[in-house]
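J.: fold the following, please.
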Amino acid sequence: MYQAMRVVALLVACTMSSGQFLPAKANSEVGSTVYAGRRSCSIPKSTCPTAAQARLKAEQKNPGWTVVNIKSLSKSWLVTLKN
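T.: Okay, here's the model as predicted:
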């Protein structure tokens with residue numbers, strides 16, 4: 001029983017460490033996540049009160065990426081970019 005539990009734990013650890021279930025992190029204002037050519041980042045409304053300013057800041061922080069969507073949250077902008 002103990003041997004089987006060790007094998008299962010080892011398989012889970014190997015899968016998690018391979019990064020299959022973990023998103024890659026990238027540089028951005030607050031945080032950013034990359035999924036297959038798409039990246040999302042959060043920009044606080046205190047630094048960019050309008051969506052246009054958030055778009056410019058996101059494109060400056062992520063050169064080579066273009067903004068495809070901006071969603072207004074209560075205290076930040078959720079900006080989605082594509083490569």
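J.: and Glu59, that one's in a helix?
T.: Yes. For Glu59, which was evaluated using DSSP: H, G, I helix; E, B strand; the rest coil, the result is membership in a helix.
J.: that one reaches Val67, doesn't it?
T.: Yes. The pair Glu59 and Val67 qualifies as a contact (CB atoms under 8 Å) at a distance of 6.1 Å. For the C-beta atoms, the positions are set from N, CA and C on the backbone; glycine is no exception.
J.: overlap of the contact sets of these two?
T.: Residues touching both Glu59 and Val67 by CB atoms under 8 Å, 6 or more residues apart in numbering: Leu81.
J.: ranges for the helices of the chain?
T.: 2-17, 51-61 (DSSP state H).
J.: check contacts around Leu78.
T.: Contacts were defined as CB under 8 Å, 6+ apart; by that measure Leu78 touches 40-42, 70-72.
J.: tally of neighbours for Val79?
T.: Neighbour count for Val79, taken as other CB atoms under 10 Å: 28.
J.: shouldn't it be in contact with Ala52?
T.: No. At 11.5 Å, Val79 and Ala52 do not qualify as touching, with contact defined as CB under 8 Å.
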